[in-house]
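Participant: Any chance you can model this:
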Amino acid sequence: MTDRPVRPRVENTDQTCFSLKTSDTYCTLLFIWSTVYCCLLLGVGLQHIKYHSISSCAAITCAPLTLSCALLIPLHRSNGVFSSSQGGQSLQAHRQTLSMKGLTLNCMDRKAEAYELVRRGLKNDLKSHVCWHVYGLLYRSDREYREAIKCYRNALRIDADNIEILRDLSLLQAQMRDLTGFVETRQKLLTLKPNHRMNWIGFAVAHHLNSSGSKAIEILEAYEGTLEDDYPPDNERCEHGEMLLYKISLLEECGFLERALEELHKKESKIVDKLALKEQEVSLLVKLGCLGEGEKIFRALLSMNPDNYKYYEGLQKCLGLYSEHGLYSADDIDKLDAFYKSLRQQYTWSSAVKRIPLDFLEGENFREAADNYIRPLLIKGVPSLFSDLCPLYDHPGKADILEKLILELEHSIRKTGTYPGRSEKEPPSTLMWILFLLAQHYDRRGQFDVALNKIDEAIDHTPTVIDLYSVKGRILKHAGDLVAAAALADEARSMDLADRFINSECVKRMLQADQVGLAEKTAVLFTKDGDQHNNLHDMQCMWYELASGESYYRQGDLGRALKNFLAIEKHYADMTEDQFDFHSYCLRKMTLRAYVEMLKFQDRLHSHKYFHKAAVGAIRCYMKLYDSPPKSMVEEDEEMAKLPPSLKKKMRQKQRKAEARAKKEAEEKNEESSAGNVSKFGKRQHVKPVDLDPNGEKLLQVEDPLLEATKYLKLLQNNSSDFLETHLLSFEVNMRRQKILLAFQAVKQLLRLDADNPDTHRCLIRFFHKVDNMSAPVTDAEKLIWRVLEAERPDLSQLHGKSLIEANNCFLEKHKDSLMHRAAAAEMLFVLDPQKKAEAIKLIEDSTNSVMQANGALGAVKEWKLKDCISVHKFLGAVLVDPGAASRWKTRCAEYFPFSTYFEGIRSSAFSKSAEDKILNTRQNGDLNNHHEATQRGDSYSVNGKLEAFNNLTI
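Facilitator: Numbering: from 1, shown residues only. Next comes the predicted model:
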């Protein structure tokens, strides 16, 4: 550990240090201490801070500061301000002192003062690289990376060889993906310090990221040439081994497969990670066509981990028995069956070797393999068995085989207590797990009444199994009874109050039933004490924020919905910022392969499904806000003017009191946070900002909602361009913005992705209907748009030589058996000719709910889906504005979906008044007050697990 620096005495400067105070030396010492304090506060991690020309061309070098020094010296950030203030009084024009004081104030969250001081320092001397560097640090702390880069470049114009500034600049260039600049900066660092390993590695990684893999390999080989023969020492073997694996992966990526394999064998003794070594070797062997050697290595890897599916896939490739799409000939299936039977004898405990054959076997062989796989798992009672078998339902015919197989097992267990062909009695719980599996099977196939009968029988058999209640709630959710599903999820939660997963599933069901208040109260049972709702945000609980935002959107509360959707966007922004610390850490620790993978992941971060859903939700909120803007302040004042004077006075007093109370509470919270967030070492801890807009009202006060929607639309277009929903939203937004060519571009993308989709047909007809009704072009821009559309229209096969009405009729004829396609054609018929409203309604009402393919032994399933029928009902009521047709459709769908609360089916909880009183008392906007009053009366279930509400509930 370095020697502890001696702190200059400044308390008696008037008497003992007068001569020092009046000289530049005293100011220089104070500047040193400001620098020390700022480094400790920021945690910059600088080993040497070297600045020139501070006074009389003196060079100042601070000794290395380590964490142990920080623990030994009891410093406080106010000392840094005090020191800088003294220096500023002695020499007001001392630029570096002002800058360092500003940096210290920035750490104290006094950002306005910090920027003012740093700008004053720059104003006094624009040629101070210290001031420019500090200015860049301020911008970096505020995530203004582009401005920080500008400041660093200005500093380098003055001091081109400053190691610290170059290093900081390289980190920001990696963060902003300025790869050309990143290469240049790393090259300069290597030139200045060629004896530093991190500079060599950083230069190689920069070239790799800049798509110059061959150059990166040359740099790594040049670095290895500087090492001694006995390198590395024992304490650096892991880091050096990681560098060698990174180099081999680079050779493989560049196509130098033989060189990579030769390098791997040559450096095998120096690579510590033997598993990664074997996986890299077998990858190279397979690509080189050395399948015999690859087979041996894959078998060795399987002996270490016989449940790794990738090893089985690789072994199949070596044997020539692998198909990317899962399509095999009869001979290949026989060979694969024999191959996996031999492996099953070798790895008897492996579940993967038993499960994989189910994907390619067919007919009786599939039935036999499925029987052998399912039986022991039913005896053990594995709740995830159906999730394991679920992908098989996409294979033609396998779902029917599974159904017959499970029904045979059920019949045998009921009759004899044994499996078919066996004499040993099975445990009594086996029947319950068979019923559990059958319930999920029928739920998957849409036979909800049969599924509920099976799960009820399982509950009667063993009422204490929590998974049974969860699955019953899931079945009811799929059947359309969201309220009863939430109630059953809460019943399951009350059976094990310490299970976070069951609690989270219960919260999700409540949000789907629009019980937001109760869901929040349930969710915070597993958060820390204090500001519990903010804890969900701090934990980046995105599934909760997404479900909550969707619930608020359904209820029409756009402010809260936007607040939740934008919170998810902020989480992804934080994830992007979190990579900053790894730019130096990974180079120092030599985790280079993981580092490059992390950067690639960050580049496609916004393609994640949660961000996609949040962006879609935000865009829909902004579109709805544009279509139905909230009342303006002028309209509110006009309504206030209509009130009697006495009532008007009371309203204004109430508003003023509420505003004053909210402001006072916010100030008190901020004061308490500021007072209680200083650690014993003087370091300021993170202070949570007070949420001044809990209901998202300020988010609704945007001047141009469509402009805000466009920001998120661009992110979707860049990262989710293969989603139909992206281009549907693009069409809707650009049609509202009157951006004709952009809307046409969205139509073309929709036709490319799915020309037969009902929404694609709607957009196509709506677009050209609008174009046909546009006035004649006047400006040059309008004439250009017109010419483009005239040139493109004949290329669309849907409209080639047809009018819009003819194109709509052709679409209807092609998809006359599909409900959603008929609804789309009916809607476009109404758009093209509003006088044909009755004909459009008839198109929908003449739709038949035909029976799908035979669905096993217990009946068939109708073709219509619940969500499709709901959208058709909304179309009849909201677009066609025909209450009679909407009512007839509701009555018809109530027969098809008896469990749906939307259609008030006879078996739904909405049909029973008693169930409605006891379960739906928290439905309206999730009102916690209603729930609390009901709980006190004892006629509702509570968060602590009271279940009286289910006594009279029959489903």
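Participant: For Gln187, give me its contacts.
Facilitator: 203, 206 (CB atoms under 8 Å, 6 or more residues apart in numbering). All C-beta spots, glycine's among them, are computed from the backbone N, C-alpha and C.
Participant: For it, what is the enclosing helix or strand?
Facilitator: For Gln187, the element it lies in under DSSP states H and E is helix 179-192.
Participant: Please apply the same query to Ser387.
Facilitator: helix 385-389.
Participant: Now do the helix or strand just after that helix: everything it contacts.
Facilitator: Downstream of helix 385-389, the next assigned helix or strand under DSSP H and E is helix 398-416. The contact list for helix 398-416 (CB under 8 Å, 6+ apart) reads 366-367, 370-371, 374-375, 378, 389, 392-393, 418-420, 426, 430-431, 434-435, 437-438, 441, 444-445, 854, 856-857.
Participant: same check, this time on stretch 143-160
Facilitator: Residues outside stretch 143-160 that contact it (CB under 8 Å, 6+ apart) are 52, 127-130, 132-133, 135-137, 139-140, 162, 165-166, 168-169, 172-173, 175-176, 178, 577.
Participant: returning to that earlier point: buried set for the helix holding Gln187?
Facilitator: 179, 181-190 (16 or more other CB atoms under 10 Å).
Participant: quick one: contacts of the helix or strand just after that helix?
Facilitator: Where DSSP H and E defines the elements, the next helix or strand beyond helix 179-192 is helix 197-209. Residues outside helix 197-209 that contact it (CB under 8 Å, 6+ apart) are 170, 174, 179, 182-183, 186-187, 189-190, 193-194, 213, 215-217, 219-220, 222-223, 226, 243, 250, 587-588, 590, 592, 595-596, 599.
Participant: PyMOL command to pick out the buried ones of these?
Facilitator: Of the contacts of helix 197-209, the buried ones go into a single PyMOL selection, burial set by 16+ other CB under 10 Å:
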select buried, resi 170+174+179+182+183+186+187+189+190+213+215+216+217+219+220+223+243+250+587+590+592+595+596+599
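Participant: Which strands and helices lie in contact with the helix holding Ser387?
Facilitator: helix 363-380, helix 429-444 (3 or more CB pairs under 8 Å, 6 or more residues apart in numbering; DSSP states H and E).
Participant: Can you give me the buried ones in the first one?
Facilitator: It stands for helix 363-380. For helix 363-380, a neighbour-count test (16+ other CB under 10 Å) marks 366-367, 369-371, 373-375, 377-378 as buried.
Participant: Please apply the same query to stretch 256-266.
Facilitator: For stretch 256-266, by 16+ other CB under 10 Å, it's 256-257, 260-261, 263-264.
Participant: Need these in TSV (columns: distance to Ser548 and secondary structure).
Facilitator: Listed next are these as TSV, based on distance: CB to CB, whole Å; DSSP: H, G, I helix; E, B strand; the rest coil:
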residue	distance to Ser548	secondary structure
Phe256	52	coil
Leu257	51	helix
Ala260	50	helix
Leu261	53	helix
Glu263	53	helix
Leu264	51	helix
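Participant: With respect to Leu880, which of those residues is nearest?
Facilitator: Using CB to CB, Leu257 comes nearest to Leu880 of the buried residues of stretch 256-266, at 64.3 Å.
Participant: That closest one: what's it in contact with?
Facilitator: Per CB under 8 Å, 6+ apart, neighbours of Leu257: 251, 284, 287-288.
Participant: Let me know the closest of those to His761.
Facilitator: Lys287 (45.6 Å).
Participant: okay, the closest one: pLDDT?
Facilitator: With respect to pLDDT, Lys287 scores 94.
Participant: how close does the residue nearest to it when sequence neighbours are not counted sit to Val205?
Facilitator: Closest residue in space to Lys287, ignoring its immediate chain neighbours: Leu257 at 5.5 Å, by CB to CB, 6 or more residues apart in numbering. Using CB to CB, to the nearest Å, Leu257 is found at 22 Å from Val205.
Participant: In the stretch 1-150 of the chain, where is pLDDT below threshold?
Facilitator: 1-94 (pLDDT under 70).
Participant: Swap in 50 and give it another go.
Facilitator: Along the stretch 1-150 of the chain, segments meeting pLDDT under 50 span 1-27, 29-30, 40-93.
Participant: Helices of the stretch 151-300 of the chain, start to end?
Facilitator: Secondary structure of the stretch 151-300 of the chain (DSSP state H, counting those that start in this stretch): helices at 163-175, 179-192, 197-209, 213-225, 237-253, 257-266, 274-288, 291-304.
Participant: Same check on the stretch 551-700 of the chain?
Facilitator: With DSSP H, counting those that start in this stretch as the criterion, the stretch 551-700 of the chain has helices spanning 558-578, 582-589, 592-603, 609-627, 633-642, 645-675.
Participant: how far does the fourth one sit from the chain's center?
Facilitator: This points to helix 609-627. Relative to the centre of its chain, helix 609-627 is centred 15 Å away, using CA atoms, centre = their mean, to the nearest Å.
Participant: helices and strands around that helix, which ones?
Facilitator: helix 542-555, helix 558-578, helix 705-719, helix 724-736.
Participant: any idea how far the residue nearest to Lys287 lies from Lys698?
Facilitator: For Leu257, the distance to Lys698 - CB to CB - is 58 Å.
Participant: pretty sure Arg299 is touching Leu315, no?
Facilitator: Yes - Arg299 lies in contact with Leu315 (CB atoms under 8 Å); the separation is 6.9 Å.
Participant: Could you check how many residues crowd around the closest residue to Ser128 other than its chain neighbours?
Facilitator: The spatially closest residue to Ser128, leaving aside those adjacent along the chain, is Arg95, at 4.9 Å (CB to CB, 6+ apart). Arg95 has 23 neighbours, counted by other CB atoms under 10 Å.
Participant: For Arg95, give me its contacts.
Facilitator: Taking CB under 8 Å, 6+ apart as the test, what Arg95 contacts is 121-122, 124-125, 128, 130-131.
Participant: out of the residues you listed, which are buried?
Facilitator: Neighbour-count burial (16+ other CB under 10 Å) applied to the contacts of Arg95 gives 121-122, 124-125, 128, 130-131.
Participant: And those, which two are furthest apart?
Facilitator: Asn124 and Val130 (11.8 Å).
Participant: Grab the nearest non-local neighbour of the residue sitting nearest the centre point of the chain.
Facilitator: By CA atoms, centre = their mean, the mean C-alpha position of the chain lies nearest to Tyr610, the distance being 3.8 Å. Closest residue to Tyr610 apart from its sequence neighbours, by CB to CB, 6+ apart: Met542 at 4.9 Å.
Participant: so how far is Gln175 from the residue nearest to Leu546 when sequence neighbours are not counted?
Facilitator: Excluding the flanking residues, the one nearest Leu546 by CB to CB, 6+ apart is Lys613, at 5.7 Å. Distance of Lys613 to Gln175, given as CB to CB: 27 Å.
Participant: ok, now Glu279?
Facilitator: Using CB to CB, we find Glu279 at a distance of 31 Å from Gln175.
Participant: Pick out whichever of these two has more residues nearby.
Facilitator: Gln175 (22 against 19).
Participant: Can you tell me the number of residues neighbouring the residue nearest to that one when sequence neighbours are not counted?
Facilitator: Nearest residue to Gln175, sequence neighbours excluded (CB to CB, 6+ apart): Phe580, at 5.3 Å. Counted by other CB under 10 Å, the residues lying close to Phe580 total 16.
Participant: Phe580 reaches Ser170, doesn't it?
Facilitator: No - taking contacts as CB under 8 Å, Phe580 lies outside contact range of Ser170: 11.9 Å.
Participant: got the CA positions of stretch 157-166 in CSV?
Facilitator: The C-alpha trace of stretch 157-166 is given here as CSV (Å, rounded to 0.1, in the frame of the first residue of the first chain):
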residue,chain,number,x,y,z
ARG,A,157,-5.6,19.3,-29.0
ILE,A,158,-3.8,20.9,-26.1
ASP,A,159,-2.2,17.8,-24.6
ALA,A,160,-2.2,15.2,-27.3
ASP,A,161,-0.3,12.6,-25.2
ASN,A,162,-2.4,12.6,-22.0
ILE,A,163,-3.0,9.0,-21.1
GLU,A,164,-6.0,9.6,-18.9
ILE,A,165,-7.8,11.7,-21.4
LEU,A,166,-7.1,9.2,-24.2
